[in-house]
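In: generate a structure from the sequence data that follows.
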Amino acid sequence: MLVDREFRARALLVRVAMALGVALLTVPAVAVAQPAAVLADTAGVPAAVYGWDTYRRLDALPYLSGAVQAQQYSSYDRSGGNKDWTGGCVDHDGPRCVVAEDDGSGEIDSIWFTINRGDVTALGNIRIELDGKVILDEPLQSVVDGAYGPPFAFPLVANAKQSPGGVYIKVPMPYRNSMRVSVSNPVDYYHVTFRHFPNSDGVRTFDRGDLALDVLATLLAAGKRDPKPVALGARPQTRTVDIPTENAVEIAKAAGPGSISALRLRLPAGTDTTGVRLQIRFDGHDMVDSPVGEFFGAGLGPVDVRSLLFASNAEPGGWLSSWWPMPFAHDAVVTLRNNTGSPISGIDAEVVTTPDAQWGPALRSGQAGYFSTRSHSGPTTPGVDWPFATVTGTGKFVGVSHAMSGRHVDTAMGKDAVFMEGDEKVYVDGSTTPQLHGTGTEDFYEGGWFFDYGKRYTLPLTGQPTVRVTDDRCPDYCATAYRLMLADAVGYRSSLRFGIEHGPVNDEQADYSSTAFLYTQP
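Out: You can find the predicted model right below:
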């Protein structure tokens, strides 16, 4: 489908401005919080921030609703094996291969493909139809190359050089009545993750003419600053502490209602970040207990990470930064525990808290959840998925930081990290059938082909920042990866089981460590 003239004119102006170095934004890079566009559930409770407000209003991330369901189409092997190119098309539209469709209201949040090490030229055009209207019908390779300009611009789209081995489109595209995604030719590996809404009240269909330049600017600045709207009354607490061996030291305390909006640490060079644990207690509930390095995306030691909600600076004296919104009704206590076996002197800490009356009633009523982690490490178990999170109650899964150590195996393509062949599987509210079922570990992190055989990258929502091969800290092949699931958060009403295979059918031994990020009601 040809793009309308107005859109082409606006996109051309944007590209010209980029080429000339002209400032694109007429709004501040970080705006003061305004009311978010929300979908109300049947009780009138805000159920979801949707569309561009997902990224404009990250301060609303703690709000919960199991009525909004994350769902996925993918090419996973329906026979239970590892032939994940056999899932085939959902339907056919003439010669076209339909890879996703939905009736009712919802939002497309993540589209990923790979073929030929990420060269998707052979797939032809991608066509996206929303509410009976074609909003995109262009060569897929050109789309992920950013050829059509905002909002389909990096890092909301990425090609196989930017997201090694895979391509993605992460433009949030709401619809009121229906959606369909198709490609011209048969596809090997794909997933389309979308949200299904309980109703269409207040939902506005995606407008390609909204270039969302402020969102692109926020994403391009990932890892450098707090992406949430500026909040009035923020109170930073700074402290330098020493922690004796096998002891814990409080680094911040706050009274509510309010939220922790930023948390930053600077550890002495050489500190074992796997042996220092971050612990946070909200309203009397112990909700966070995680290795410091992994919490900030650096589970195998210092490395540069530039995600939207956490960052790590590998330089000596570099900061570890987190911007997850962490609400509390009455009080919050932040502690560091030293399990390294040696005393640690001179840890710098900065914790920013913001008073906010909304969080008292929101947390007490269950309308919002407490920021929580699930962290564990050890060898994988044959025949059993590695569990990122197994929880009961109400909440939503919003991301994971994952460290892996496994072996290379001889294959037809050479020596490969075959433990990465494992698919993610997500079971919601007691279902025995996965609500999300992927096609491989590197595919879940939206790369492909073993991250194009070991390439490093760090993007706002996904990354593989660490790769080590047979050195003094890695026996064979080691890597870290992360994925933030913000627009595509997985909500649940009674239980969640989110895990990932290790090897084609859970048959490759590996040593894993992971920290899952959730909002939960204890």
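
In: only C-alpha atoms from now on, for both contacts and neighbour counts.
Out: Will do.

In: is it correct that residue 88 is in contact with residue 75?
Out: Yes - applying C-alpha atoms under 8 Å, one finds residue 88 in contact with residue 75, separated by 5.9 Å.

In: tell me which of the two has more neighbours.
Out: Looking at residue 88 and residue 75 with other C-alpha atoms under 10 Å, you find the greater number of neighbours at residue 75, namely 24 against 20.

In: distance of the residue nearest to the more buried one when sequence neighbours are not counted relative to residue 97?
Out: With C-alpha to C-alpha, 6 or more residues apart in numbering as the criterion, residue 75 has its nearest non-adjacent residue at 3.8 Å, and that residue is residue 87. Relative to residue 97, residue 87 is positioned 12 Å away (criterion: C-alpha to C-alpha, to the nearest Å).

In: circling back to that earlier point, okay, and the common contacts of residue 88 and residue 75?
Out: When contacts are counted by C-alpha atoms under 8 Å, 6 or more residues apart in numbering, residue 88 and residue 75 have residue 188 as shared neighbours.

In: follow-up on the earlier one: so who does the residue nearest to residue 75 touch?
Out: When the contact criterion is C-alpha under 8 Å, 6+ apart, the partners of residue 87 are 74-78.

In: which members of these occur in strands, if any?
Out: In strands, judged by DSSP state E, the following of the contacts of residue 87 are found: residue 74.

In: of the contacts of residue 87, which is the most crowded?
Out: For these, the largest number of neighbours (other C-alpha under 10 Å) sits with residue 74, at 27 neighbours.

In: tell me, how many neighbours does the residue nearest to it when sequence neighbours are not counted end up with?
Out: Counting by C-alpha to C-alpha, 6+ apart, the nearest residue to residue 74 once its immediate chain neighbours are dropped is residue 191, at 4.1 Å. Residue 191 has 25 neighbouring residues, counting by other C-alpha under 10 Å.

In: what helix or strand is residue 191 located in?
Out: Secondary structure here is read from DSSP states H and E; on that basis residue 191 sits in strand 189-196.

In: centre of the chain to the helix or strand following that strand, how far?
Out: The C-terminal neighbour of strand 189-196 among helices and strands, as given by DSSP H and E, is helix 213-220. Distance of helix 213-220 from the chain centroid (C-alpha atoms, centre = their mean, to the nearest Å) equals 16 Å.

In: neighbouring strands of the helix or strand following helix 213-220 in the sheet, and parallel or not?
Out: In the C-terminal direction, the helix or strand that comes right after helix 213-220 (DSSP H and E) is strand 235-243. Strand 235-243 pairs in its sheet with strand 344-355 (antiparallel), by DSSP bridges.

In: contacts for the partner strand, please.
Out: The contact list for strand 344-355, computed with C-alpha under 8 Å, 6+ apart, reads 231-245, 251-252, 254, 256-268, 271, 338.

In: name only those of those residues that count as buried.
Out: The neighbour count (16 or more other C-alpha atoms under 10 Å) marks 234, 236, 241-244, 251-252, 254, 256-267, 271, 338 as buried among the contacts of strand 344-355.

In: now, those that are in strands?
Out: Secondary structure assignment by DSSP E places 236, 241-243, 251-252, 254, 258-266, 338 of these in strands.

In: quote the end-to-end distance of stretch 379-398.
Out: Between the opening and closing residues of stretch 379-398 we find a distance of 24 Å, counting by C-alpha to C-alpha.

In: ok now it, how far from the chain's centre?
Out: Using C-alpha atoms, centre = their mean, the mean C-alpha position of stretch 379-398 is found 16 Å from that of the whole chain.

In: report the rounded mean pLDDT for it.
Out: Averaged across stretch 379-398, pLDDT comes to 97.

In: report the distance from the strand holding residue 191 to the chain centre.
Out: Its chain's C-alpha centre lies 14 Å from the corresponding centre of strand 189-196 when counted by C-alpha atoms, centre = their mean.

In: mind listing what that strand pairs with, with the direction of each?
Out: strand 69-74 (antiparallel), strand 106-114 (antiparallel).

In: next up, the contacts around residue 100.
Out: If you count contacts by C-alpha under 8 Å, 6+ apart, residue 100 has them with 73, 90, 179-182, 192.

In: closest to residue 140 among those?
Out: Within the contacts of residue 100, the smallest distance to residue 140 is 10.4 Å, found for residue 182 (C-alpha to C-alpha).

In: about what we covered before: mind listing what the residue nearest to residue 74 touches?
Out: Residue 191 makes contact with 72-75, 99, 110-113, 438 under the criterion C-alpha under 8 Å, 6+ apart.

In: now for the residues you listed: which two are most distant?
Out: The most widely separated members of the contacts of residue 191, counting by C-alpha to C-alpha, are 75 and 110 (14.5 Å).

In: next, count neighbours for residue 422.
Out: Around residue 422 there are 27 other residues, counting by other C-alpha under 10 Å.

In: and if you look at residue 71?
Out: Other residues near residue 71 number 19, with proximity taken as other C-alpha under 10 Å.

In: so it makes contact with residue 437?
Out: No - contact between residue 71 and residue 437 fails when scored by C-alpha under 8 Å: they sit 9.3 Å apart.

In: can you pull the contacts of residue 508?
Out: Going by C-alpha under 8 Å, 6+ apart, the list of residues near residue 508 reads 382, 418-419, 502.

In: how about these, which pair is most distant?
Out: With distances taken as C-alpha to C-alpha, the most widely separated pair in the contacts of residue 508 is 382 and 418, at 14.3 Å.

In: so which of the two has more stuff around it?
Out: residue 418 (22 against 16).

In: name the SS class of the spatially closest residue to the more buried one that is not a sequence neighbour, please.
Out: Sequence neighbours aside, residue 503 is the residue nearest to residue 418 in space, at 5.7 Å (criterion: C-alpha to C-alpha, 6+ apart). Following DSSP: H, G, I helix; E, B strand; the rest coil, the label given to residue 503 is coil.

In: residue 503 - how many residues pack around it?
Out: When counting by other C-alpha under 10 Å, one arrives at 24 neighbours for residue 503.

In: and what of residue 431?
Out: Applying the criterion other C-alpha under 10 Å, we find 12 residues in the vicinity of residue 431.

In: so it versus residue 497, what's the distance?
Out: Relative to residue 497, and taking C-alpha to C-alpha, residue 431 is found at 10 Å.

In: repeat for residue 449
Out: From residue 449 across to residue 497, the span is 26 Å (C-alpha to C-alpha).

In: report how many residues lie close to the residue nearest to residue 122 when sequence neighbours are not counted.
Out: Across the structure, with C-alpha to C-alpha, 6+ apart as the measure, the residue nearest residue 122 apart from its sequence neighbours is residue 185 (7.2 Å). Taking other C-alpha under 10 Å as the neighbour definition, residue 185 ends up with a count of 16.

In: please consider this matter closed, and thank you.
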